[in-house]
Every structure is written in C-alpha cells, then in structure tokens.
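# Next one to model:
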Amino acid sequence: MAAGDVVIACASYEARDWGVQAGMSVAEAFAVCPRLRLVPLRSDAYAAASTALFAVFGRFAARVEPGSLEEAFLDTRATPWATADQLAATIQRAVRQEVGLPVTVGAGRTKLMAKLASRSVKPRGLRVIQPAEERYLRPALLIEELWGVGEVTRERLRQHNIRTVADIAVVHPDHLRDIAGTQMARRLAAIAIGADDATVRPERPRRSYSVHRVVPRGSGVDVDALTGELAGRLRDGGFSCAVVAVALTYANRLEHRARARLPEPTAEPRQLAATVRSLLPADGVRVEKAGITVTGLLPADAAVQLTLDTGGV
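Now for the predicted structure:
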C-alpha cells in the first residue's frame, strides 16, 4: 500500500500545530510536518483504556453520557458550585493514577458551557465556568465557538451579520428559522436565553456508524477504504445496516447529501461501496471532505423478512 493511500486517524496536539489533521493522507501530513512520527493503531488498547476511563467516571457521576471513546458528559448536579473545581481535580487525578491518561476537565451549567470550558484549557487543563461568569460570557460568544453549529450554518448567519450570541437574541424567531432551519433555530434561540441542553443522557443503543475524511487535493473519494472501515465496525458491533447516507463538502463550501435504503440489511463492504458509488454526483467539483453514515442497524443474525411474489400465478 502506498503512503498516499494511508490516512491519519488522529493527530497529537503537537502535530496539529504543524497543520496535521485527522483524515489527511500520510503523504500530505509529511509535507506539512517532515518530522512527523507515525505510530500504528492499537484498537484493543484503546478499547481497554476507554473501559477503565468510564469506570472512573461512573464512580463520580450520577449519569454518564459518552461522546466518544475518551469523552463524556458527567451529571454532577449533587455537587455544590463552590466545590465543583475540587471534584473536577479529583476526577482528573483519579484518571491519571488509575488509567495513566491525562484528561481535560471542563464544567458548566449546560453542555455548551462545559464544552467551552474544556476546549479553552486543552490539553490537560481544568476550568469551571461558574453561573455568575456565564451571565457575561454567554452573550459575547462568537458563532464559531458554538459547539454543534456547522460551517454552512455559520456562514449563513454571518451573511445576515449575526456574529455573536447577543446578535441571535435580537433576531425574530421566524427570520432565524429562515436562516438556519427549524431545528437549528430552536437550538440557537435556546442558547441565546441560556436554556440550552443540560440533560446528561446515559448511553443509548447504537443507532448509526459513520466515517469522515478530509479528501487529499487532487484525489477522489476513497469509497473502498471508507466502506471497508464501516463494514469492519458493523461486524465488530454485531450489526448489519439498512440505510446508507453520503455527505460531501466541496471546496466552494457547497454540500451534497444523498441516502438510499438497501434491498436488505448488510455489513458487506462490496454492497456498501456499490451503494455509496450510486449516491455520488458525477460533477467534477473538488471534494474537500467526505462522510458516510449507516443507519437502520439490526443484529447481524436477525432474520430477514422476505416478500413472496407469485407473479399472479
């Protein structure tokens, strides 16, 4: 396999400072960071560390909502704000001692505030955004700082001179809905008044798998690699899927989205790849990012319902 066919799964903070990104080809990564050091993936080690990490989280929180293998929201409402920083430090220390990993801890009244706190002190930091601080911090937040608001929505908001949370607060709800769509407008309005999501939801049954990659300049979407990874994750999870969706972001920031329901649930990479190819556009506009999501998950050993058609006989 050529170096250009291999992509970066995750980049360290030091590598990111040089411009290395997840999904970038190894050849591109070495071009921006000649002293880059590559290490092989160790999936079993990551899974074991994640299990140990969440075991620590579970000791300190009433509920834990996973965000990824190494990230979660913790429900610690029983802890007074006056001692929130002490609890955060205790969790950080316990993870370091028991799992051997450094973690960044951010605390806030809502998930957005907790996420902002964490982002502001990465890596290995600790920050608690107290409710009193939130009152003046929230209106000044830039649109770019809002977790979960994509680039397309941010650009639409900027086109209407909406650049901060304070700007959102003075936009008429109907106008905001026209700009961002119904669901996102509701979320933005909630953020503006401080009523955004604060509920920690325990892990729910998995509903989807997805892969996202930066597409190297001059290359096409590597359908076989992406669907091969998805198929492996489906098999590891004991699932097949019934729906495939494709999302592309072009160099001009336009997007292409398409989805298809499979004739029958599958986890076979060839079938997934064939479906993805049927969803890709034929135009030659350069793709910068590609994502594939599979939904309609079923246990791999689930019986398939067959339709019998006698053809009128």
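# make it CA atoms for all contacts and neighbour counts henceforth
Noted.
# Quick one: end-to-end length of stretch 135-149, please.
In stretch 135-149, first residue to last residue: 21 Å (C-alpha to C-alpha, to the nearest Å).
# Please enumerate residues in contact with that stretch?
Applying C-alpha atoms under 8 Å, 6 or more residues apart in numbering, the external contacts of stretch 135-149 come out as 112, 115-116, 154, 162-166, 192, 194.
# 6 Å instead, please
163-166 (C-alpha atoms under 6 Å, 6 or more residues apart in numbering).
# Take these and keep only those in helices.
When DSSP state H is applied, these are split such that 165-166 fall in helices.
# Save the contacts of stretch 135-149 as TSV, and put in neighbour count too.
TSV is the format used below for the contacts of stretch 135-149 (neighbours: other C-alpha atoms under 10 Å):
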residue	neighbour count
163	18
164	20
165	22
166	18
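# what's the offset of stretch 25-44 from the middle of its chain?
Centroid separation for stretch 25-44 versus its chain: 21 Å, with C-alpha atoms, centre = their mean, to the nearest Å.
# do the same with stretch 265-278
Here the centre of stretch 265-278 is set off from its chain's centre by 23 Å, with C-alpha atoms, centre = their mean.
# got the buried residues for that stretch?
By 16 or more other C-alpha atoms under 10 Å, the buried positions in stretch 265-278 come out as 265-269, 272-273, 275-276.
# Could you pull up the mean pLDDT of it?
The pLDDT scores in stretch 265-278 average 94.
# again, but for stretch 25-37
For stretch 25-37, the per-residue pLDDT averages 90.
# Would you work out how far apart the start and end of it are?
Using C-alpha to C-alpha, the two ends of stretch 25-37 sit 14 Å apart.
# one step back: out of the buried residues of stretch 265-278, which sit inside helices?
Reading helices off these with DSSP H, I get 269, 272-273, 275-276.
# got the contact list for residue 74?
By C-alpha under 6 Å, 6+ apart, the neighbours of residue 74 are 61, 64.
# I'd like the next helix or strand past the longest helix anywhere in the chain.
Across the chain, the longest stretch assigned as helix under DSSP H is helix 43-60. As assigned by DSSP states H and E, the chain's next helix or strand after helix 43-60 is strand 63-66.
# That next one pairs with which strands?
If you go by DSSP bridges, strand 63-66 pairs up with strand 72-75 (antiparallel).
# would you list every one of the strands in the stretch 101-250 of the chain?
Under the criterion DSSP state E, counting those that start in this stretch, the stretch 101-250 of the chain contains strands at 105-107, 126-128, 209-214, 239-250.
# Give me the mean pLDDT for the third one.
What it means is strand 209-214. 86.
# From the contact counts, what lies against that strand?
When contacts are defined as 3 or more C-alpha pairs under 6 Å, 6 or more residues apart in numbering; DSSP states H and E, strand 209-214 packs onto strand 287-295.
# try the last one
For strand 239-250, the elements it packs on are strand 255-266, strand 287-295, strand 298-299, judged by 3+ C-alpha pairs under 6 Å, 6+ apart.
# give me that answer again for 10 Å
strand 209-214, helix 223-237, strand 255-266, helix 269-279, strand 287-295, strand 298-299 (3 or more C-alpha pairs under 10 Å, 6 or more residues apart in numbering; DSSP states H and E).
# And the second one, what does it pack against?
Under the contact definition 3+ C-alpha pairs under 10 Å, 6+ apart, helix 223-237 sits against strand 209-214, strand 239-250, strand 255-266, helix 269-279, strand 287-295, strand 298-299.
# closest to residue 75 out of the ones you listed?
The closest of the helices and strands packed on helix 223-237 to residue 75 is strand 209-214. By C-alpha to C-alpha, the value is 25.5 Å.
# Name the nearest residue to residue 263, ignoring sequence neighbours.
Ranked by C-alpha to C-alpha, 6 or more residues apart in numbering and with sequence neighbours excluded, the top spatial neighbour of residue 263 is residue 242, at 7.8 Å.
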